[in-house]
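K.L.:
no sequence for this one, just the structure:
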């Protein structure tokens, strides 16, 4: 499922995981960038009195990020990290031999708050534990039957990719929650072109 058909009032993280599943470092960066941009717009729109006064179609990523931070849809630490993430993405678009270094991703993750940083590391560690266990089995001469569908995923799984994946998942989750809570408390319908949304919450 592409981001354009995702129901952002009920984000299915299985869709995000599926979109990133077999992607390498750069693939996670590029696809994650699309998801984060969509969630920035979603979380910001519900904060604004007249969101359609903004030309969202022509708004650049950095403009959506600035609006998200200004409205409180994105907390300052997350906004700083996403800004760094965006710089990496832009760099990838202009360098033929671009590659992402682990230290770059660690610096990016270090910009988030303590709670998100721990969550990102936990997600990364859970992925890498699979690789470590397979290495132990291999060293001990234990034969392991691997599902062929999982082979592409295991092939791209590196510390850099695992940490980057954790960041994307946590950033998307944070923005989705910010938008959903705003809808719940204010009862404001969300209108994001191309995205299915739920009706406003009615209060008695």
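P.N.:
Nice, thanks for sending it over. In this text the structure is predicted, and so the values were computed from the model without any measurement. Numbering: from 1, shown residues only.
K.L.:
How many residues are close by residue 137?
P.N.:
Using other C-beta atoms under 10 Å, residue 137 has 12 neighbouring residues. Quick note: C-beta positions are derived from backbone N, CA and C, even for glycine.
K.L.:
can I assume it is in contact with residue 144?
P.N.:
Yes: because the distance of 5.1 Å satisfies C-beta atoms under 8 Å, residue 137 is recorded as touching residue 144.
K.L.:
all helices for this structure, in order.
P.N.:
Using DSSP state H, the helices of the chain run over 13-20, 25-45, 61-71, 76-94, 102-109, 114-139, 151-156, 159-186.
K.L.:
tell me the most buried of the ones you listed?
P.N.:
helix 25-45 (a mean of 23; mean count of other C-beta atoms under 10 Å).
K.L.:
Mind giving me the packing neighbours of that helix?
P.N.:
helix 13-20, helix 61-71, helix 76-94, helix 159-186 (3 or more C-beta pairs under 8 Å, 6 or more residues apart in numbering; DSSP states H and E).
K.L.:
quick one: residue 117 and residue 109 touch, right?
P.N.:
Yes: counting by C-beta under 8 Å, residue 117 does reach residue 109; the two are 5.9 Å apart.
K.L.:
pLDDT-wise, which helix or strand of this protein ranks last?
P.N.:
Lowest by mean pLDDT, DSSP states H and E among the helices and strands of the chain is helix 151-156, with a mean of 68.
K.L.:
where in the protein is pLDDT low?
P.N.:
Applying pLDDT under 70 to the chain picks out residues 1-13, 149-153, 156, 186-204.
K.L.:
repeat that for 80
P.N.:
Counting by pLDDT under 80, the chain has low-confidence residues at 1-19, 21, 131, 135, 137-138, 144-156, 180-204.
K.L.:
any chance of the helices of the chain in TSV, with distance to residue 55 too?
P.N.:
Shown next, in TSV, are those (distance: least, C-beta to C-beta, whole Å):
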stretch	distance to residue 55
helix 13-20	27
helix 25-45	12
helix 61-71	10
helix 76-94	19
helix 102-109	29
helix 114-139	31
helix 151-156	37
helix 159-186	20
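K.L.:
ok, now how distant is the residue nearest in space to the middle of the chain from residue 129?
P.N.:
In the chain, the centroid-proximal residue (C-alpha atoms, centre = their mean) is residue 168; its distance is 2.7 Å. Residue 168 is 19 Å from residue 129, where distance means C-beta to C-beta, to the nearest Å.
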